[in-house]
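J.: What follows is a predicted structure for the sequence shown.
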Amino acid sequence: MNAPAQTPTFDQWLAGARQAAQQPPAQQRQPLVVAGQVVGSVAPGFLSQISLKRFIHKRYQLSEKEHLQGSAWSLHALPEDTTDALNTLAAALRDADLCGPWRDEQLAVTNPAGEVIGTVERGAVRVLGVATRAVHLVGLAPDGRMWVQKRAMTKPNNPGLWDTLMGGMVSAADSLPQALARETWEEAGLQVDTLADVSHGGQVLFSRPSREGGGAGFMVERIDWFRAQVPQGMEPDNQDGEVEHFELLPLDLVRERVAQGLFTLEAGLVIAGFLGV
């Protein structure tokens with residue numbers, strides 16, 4: 001009779017999680033150049049799968065050409081047309097069933113210097129290797145216990161896993177403080193200005209293959225996480241239908257659930273940062 005598998009310790013989980021968060025692409029990716037600036041990357045041959053008719057109609061040109069030490073995909077457009085050109089590309093990927101879930105949400109697109117030069121549909125960022133930003137909130141009760149949420153089973157990513165009190169993307173329309181406030185209300189029904197001791201805790205960086213586009217995606221993301229105390233008598237109440245329920249857990253139990261793989265990778269690493277490990 002086989003012995004039952006042992007749950008890894010939190011430290012063992014953390015070592016594997018940090019390795020999982022920083023992985024090279026499964027294969028060398030090609031730069032994606034829009035209006036003369038590198039904005040992301042694509043898997044070799046990936047963009048050959050879409051129709052180019054709509055680009056001709058829009059007077060954009062999508063082509064593969066030499067770039068520095070290798071080939072790149074270039075979307076030719078005027079700088080002021082960067083957003084429209086990128087969203088034309090995103091729509092072509094959607095029609096070919098080659099992108100992630102369509103959200104009707106625009107995320108910022110930056111050049112290598114970090115300057116925002118346009119926006120693109122959220123569902124296309126992974127397959128285009130566009131760098132994104134996210135925000136998390138670690139919420140504590142006055143007695144030190146941690147508020148956590150169980151993600152709804154209808155979520156397109158990581159349904160049913162546990163998460164921090166709040167975790168969401170920074171949209172193109174938001175600054176980081178605005179994203180913190182918006183997502184905290186939408187996910188937890190809490191106003192940031194009613195919370196105590198709100199402070200920026202740190203960052204978690206991701207660079208790893210993604211399953212979008214049939215495994216052709218690549219995730220490049222920076223998570224800024226914050227901590228705050230939820231005052232006595234105040235409880236989170238989901239507003240957008242994306243949370244199944246909330247629980248208030250002692251930190252030892254949070255660590256145990258993280259080590260068991262019951263939290264998202266992102267939330268687990270944020271919690272590790274909060275715990276100072």
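T.: Okay, I see it.
J.: Let me see the ranges of the strands in the stretch 151-277 of the chain.
T.: Assigned by DSSP state E, counting those that start in this stretch, the stretch 151-277 of the chain shows strands spanning 162-163, 166-169, 196-210, 217-229, 243-249.
J.: quick check, distance from the shortest one to the centre of its chain.
T.: Meaning strand 162-163. Computed by Cα atoms, centre = their mean, to the nearest Å, the chain-centroid distance of strand 162-163 equals 14 Å.
J.: pLDDT below threshold where in this structure?
T.: 1-5, 68-69 (pLDDT under 70).
J.: now with 90?
T.: Low-confidence segments of the chain (pLDDT under 90): 1-8, 26-27, 51-60, 65-70, 156-157, 277.
J.: per the record, what domains does it have?
T.: The chain breaks down into these domains under automatic domain parsing: 30-124, 132-275.
J.: if we can go back for a sec, mind checking which of the strands of the stretch 151-277 of the chain is nearest Gln260?
T.: Between Gln260 and the strands of the stretch 151-277 of the chain, the shortest gap by Cβ to Cβ is with strand 162-163, which sits at 9.8 Å. For every residue, glycine as well, the C-beta is placed using N, CA and C.
J.: just checking, what packs against the closest one?
T.: Strand 162-163 sits against strand 146-151, helix 265-275, with contacts defined as 3 or more Cβ pairs under 8 Å, 6 or more residues apart in numbering; DSSP states H and E.
J.: what's the closest of those to Phe206?
T.: Nearest to Phe206, of all the helices and strands packed on strand 162-163, is helix 265-275, at 7.3 Å by Cβ to Cβ.
J.: The closest one: which residues count as buried?
T.: If you call a residue buried by 16 or more other Cβ atoms under 10 Å, then helix 265-275 has these buried ones: 265-274.
J.: give me every residue that touches Glu242.
T.: In this structure, Glu242 makes contact with 151-152, 154-155, 186-187, judged by Cβ atoms under 8 Å, 6 or more residues apart in numbering.
J.: can you do 6 Å?
T.: Glu242 makes contact with 152, 155, according to Cβ atoms under 6 Å, 6 or more residues apart in numbering.
J.: what about it, distance to Glu186?
T.: 8 Å (Cβ to Cβ, to the nearest Å).
J.: Likewise for Leu262?
T.: As for Leu262, its distance to Glu186 is 23 Å (criterion: Cβ to Cβ).
J.: Give me the contact list for stretch 48-62.
T.: Stretch 48-62 has contacts (Cβ under 6 Å, 6+ apart) with 75-77, 85, 88, 92, 96.
J.: of these, buried ones?
T.: Buried among the contacts of stretch 48-62 by 16+ other Cβ under 10 Å: 75-77, 85, 88, 92.
J.: Among the residues you listed, which are located in helices?
T.: Among the buried ones among the contacts of stretch 48-62, DSSP state H puts 85, 88, 92 in helices.
J.: Which single one of those is nearest to Ala172?
T.: Closest to Ala172 out of those is Ala85 (15.3 Å), distances taken as Cβ to Cβ.
J.: give the contact list for the closest one.
T.: Shown in contact with Ala85 (Cβ under 6 Å, 6+ apart): 60, 75, 77.
J.: got these as JSON lines, with distance to Arg54 columns?
T.: JSON lines is the format used below for the contacts of Ala85 (distance: Cβ to Cβ, whole Å):
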{"residue": "Tyr60", "distance to Arg54": "9"}
{"residue": "Leu75", "distance to Arg54": "12"}
{"residue": "Ala77", "distance to Arg54": "13"}
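J.: How many neighbouring residues does Gln178 have?
T.: Gln178: 13 surrounding residues under other Cβ atoms under 10 Å.
J.: same deal with Pro24?
T.: Look at Pro24: counted by other Cβ under 10 Å, it has 11 neighbours.
J.: Repeat that for Gly70.
T.: 11.
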